[in-house]
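1. Got a predicted structure here, sequence first:
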Amino acid sequence: MNLASYAELAVALVNTDAEVDRLGSMEALQELLADRPALARRASRADLDSLRDLRAELRAIFESVAAKDAADAVERLNTLLILHPIYPQISTNDNKRWHLHLTEVGRVADQYTVGAVMGLATVVTDRGIDRLGTCLATPCRNIYLDTSSNRSRRYCSGRCASRANVAAYRARKRANPKV
């Protein structure tokens, strides 16, 4: 498994608190974990509370990147790596070649945290910290991973990019109505 792919766990978690808090109940936690049924079955209220705390810490990393404070973002990420030890293991499944997986032991929140933190650490070290992005569309607060080849992504989705482009066009028209 590509360890960077685990970073999507961080994105999914942080984006549960973009414009509206979408992680306020056990049902919401089940929705977050829908693509990880083994975790969803074991999730508890304590896991929900832990993941809500983690969400704030992960958002702070993305906010530091947006503020061009890479040192703070990396310090925060390193703190999470220390607080949540990662245990990789070599695995093969479905007759695929040998690859790394993260050992899935502990509470649901622990497993989710380890994946999210290791994924972000891998993205930062392999691709650069500037690959962690915060949507520039107002009032969106979603985050994203910039996987573009030229580091050009600025919005979390096509919807936000369109909304921002339309707003910019309308602002230009208001500023210069004769054009």
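-> Structure's in. What do you need?
2. When you work out contacts or count neighbours from here on, use the C-alpha atoms and nothing else.
-> OK.
3. And the contacts of the lengthiest helix in the chain?
-> The helix spanning the most residues in the chain, taking DSSP state H as the definition, is helix 45-66. For helix 45-66, contacts defined as C-alpha atoms under 8 Å, 6 or more residues apart in numbering pick out 10, 13-14, 23, 25-26, 29, 70, 72-74, 76-77, 107-109, 113, 129-130, 132-134, 143.
4. and the helix or strand of the chain with the lowest mean pLDDT, which residues are buried?
-> Sorted by mean pLDDT, DSSP states H and E, the helices and strands of the chain end with strand 99-102, the least confident at a mean of 82. For strand 99-102, burial by neighbour count (16 or more other C-alpha atoms under 10 Å) applies to 101-102.
5. what's the following helix or strand after that strand?
-> Heading C-terminal from strand 99-102, the first helix or strand you meet, by DSSP states H and E, is helix 108-127.
6. Output the contacting helices and strands for that following helix.
-> Contact partners of helix 108-127 among helices and strands, from 3 or more C-alpha pairs under 8 Å, 6 or more residues apart in numbering; DSSP states H and E: helix 7-14, helix 37-42, helix 45-66, helix 70-83.
7. Show me which positions of the longest one end up buried.
-> Buried positions in helix 45-66, judged by neighbour count with 16+ other C-alpha under 10 Å: 47-49, 51-52, 54-55, 57-66.
8. cool, stretch 21-38 as well?
-> Burial within stretch 21-38, assessed by neighbour count using 16+ other C-alpha under 10 Å, is assigned to 22-23, 26, 29-30, 32-33.
9. Just the CA trace of stretch 24-37, in PDB.
-> Provided in PDB are the C-alpha atoms of stretch 24-37 (Å, rounded to 0.1, in the frame of the first residue of the first chain):
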ATOM      1  CA  GLY A  24     -21.400  15.100  16.100                       C
ATOM      2  CA  SER A  25     -22.900  11.700  16.500                       C
ATOM      3  CA  MET A  26     -22.100   8.000  16.400                       C
ATOM      4  CA  GLU A  27     -24.100   7.900  13.100                       C
ATOM      5  CA  ALA A  28     -21.700  10.500  11.700                       C
ATOM      6  CA  LEU A  29     -18.700   8.500  12.800                       C
ATOM      7  CA  GLN A  30     -20.200   5.400  11.100                       C
ATOM      8  CA  GLU A  31     -20.500   7.500   7.900                       C
ATOM      9  CA  LEU A  32     -16.800   8.600   8.200                       C
ATOM     10  CA  LEU A  33     -15.800   5.000   8.600                       C
ATOM     11  CA  ALA A  34     -18.100   3.600   5.900                       C
ATOM     12  CA  ASP A  35     -15.100   2.500   3.700                       C
ATOM     13  CA  ARG A  36     -13.500   0.800   6.700                       C
ATOM     14  CA  PRO A  37     -16.200  -1.600   7.900                       C
END
